[in-house]
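Asker: Need the 3D shape of this:
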Amino acid sequence: MNISRNTKLIAFTSLVLVALILIYIWLKPLADLLTYNLLGLKANSHFGASVNFFIYDTIKILILLFLISSLMGLVNAYFPVERLKIFLTTKNLYGLQYFFASFFGAITPFCSCSSIPLFIGFVNGGIPLGVTFSFLITSPLVNEVAVAMFLGLFGLKATLVYAVSGIALGTVGGFVLGKLNLDRYLSDWVKEIQAKTERKDEQWEKEHTPFAERLPIIIYEGWSIVKKVLLYVIIGIAIGAAMHGYIPENFFTQYLSNDKWYAVPLAVILAVPMYANAAGIVPVIQVFVAKGVPLGTALAFMMAVVGLSLPEATLLKKVMTWKLIGIFFGTITIAIIALGYLFNLIL
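Answerer: The predicted structure is shown next:
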């Protein structure tokens, strides 16, 4: 491969990356243009809202998956994650690795499905599974926009309880899941990628392969990951779009408004089919509370909506076996229910 060809490949790759970033930045008006102008759907209709949601989230997640997969490929090429894996598994960090992963999840503005690309990148790179779970748990639960909205609507005490409990849930949940040694339940696809990445990185380090020759391979592998999970993304987002557009708020409030012992687990169970990010569900929580739903029950509902969803399970199926998905969802469901009862006692 000569220098001129390498230069052209790097230039072309740079243009593609810039284009994807610009599309991501302007994605919301682009999705509105496609939905309401080109397709002629009405913004206030259930079908229009569902189609808009589907277009926006599908493109967003595919772009994120490609960019993050490529970025993780670059990181692995020069800072082999295997070394980080050895460090995290051999050094006694007193559980701080779970806290740091959870805190990182809290400062990333992702919903549950948008968190999956980074989670896949961590898993493919060999980061310990419990640490990646800490990120996956907290990332959709807490972000700065939701915190700001929560502070304005419910005050400082409720906001602190929401943010601290979200980070704590990720830290403890990741620790518990990590101790269960669940790596054997990762999908064969992930195990193959992990092995392939380790062999490739060792070869590149041994042969001192230059960046210009590594980049096309890294980009191609990033695109290969997108193609492998494309069907799961489409199915998952389609489910979320249908839930987003067609399930009315009153369907939930009529069952949760009475302060009964089963309200919290019922709220969590009813929330699982829903799909929204933390910032998007906060106004709904305000409506719930205004209609008589206890704040703790409403907060448990919010956590279940953003942290447990059918679209998320569908996307995770490419990375995990159904048994591992069941263990993950079951553990977080029990934790959220327990938090819901605690919230009702202190709020």
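Asker: what about residue 146, how many neighbours?
Answerer: The local packing of residue 146 (other CB atoms under 10 Å) involves 26 other residues. All C-beta spots, glycine's among them, are computed from the backbone N, C-alpha and C.
Asker: oh sorry, the question was meant for residue 267
Answerer: 28.
Asker: so what's residue 238 closest to, chain neighbours aside?
Answerer: residue 54 (6.1 Å; CB to CB, 6 or more residues apart in numbering).
Asker: In contact with residue 337, which residues?
Answerer: The neighbours of residue 337, taking CB atoms under 8 Å, 6 or more residues apart in numbering as the test, are 264-265, 268, 300.
Asker: so what's it scoring on pLDDT?
Answerer: Residue 337 is assigned a predicted lDDT (pLDDT) of 90.
Asker: Next, it: phi, psi?
Answerer: phi -60, psi -40 (degrees, to the nearest 10).
Asker: Roughly how far does it sit from residue 266?
Answerer: 10 Å (CB to CB, to the nearest Å).
Asker: just residue 23 next, same as before
Answerer: With CB to CB as the criterion, residue 23 and residue 266 are 41 Å apart.
Asker: out of those two, which sits in the busier spot?
Answerer: residue 266 (18 against 13).
Asker: Okay, and the more buried one sits in which element?
Answerer: helix 263-271 (DSSP states H and E).
Asker: who does that helix touch, helix- and strand-wise?
Answerer: helix 250-256, helix 295-307, helix 322-346 (3 or more CB pairs under 8 Å, 6 or more residues apart in numbering; DSSP states H and E).
Asker: would you turn those helices into JSON lines with distance to residue 155?
Answerer: Formatted as JSON lines, these follow (distance: least, CB to CB, whole Å):
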{"stretch": "helix 250-256", "distance to residue 155": "21"}
{"stretch": "helix 295-307", "distance to residue 155": "10"}
{"stretch": "helix 322-346", "distance to residue 155": "13"}
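Asker: For residue 159, find the nearest of those helices.
Answerer: helix 295-307 (10.7 Å; CB to CB).
Asker: packing partners for the closest one?
Answerer: Looks like helix 295-307 contacts helix 129-141, helix 144-179, helix 250-256, helix 263-271, helix 278-290, helix 322-346 (3+ CB pairs under 8 Å, 6+ apart).
Asker: average pLDDT across the helix holding residue 266?
Answerer: Mean pLDDT, helix 263-271: 84.
Asker: Pull out the buried residues from it.
Answerer: Under the neighbour-count criterion of 16 or more other CB atoms under 10 Å, helix 263-271 has 263-268, 270-271 buried.
Asker: Perfect, I'm done here.
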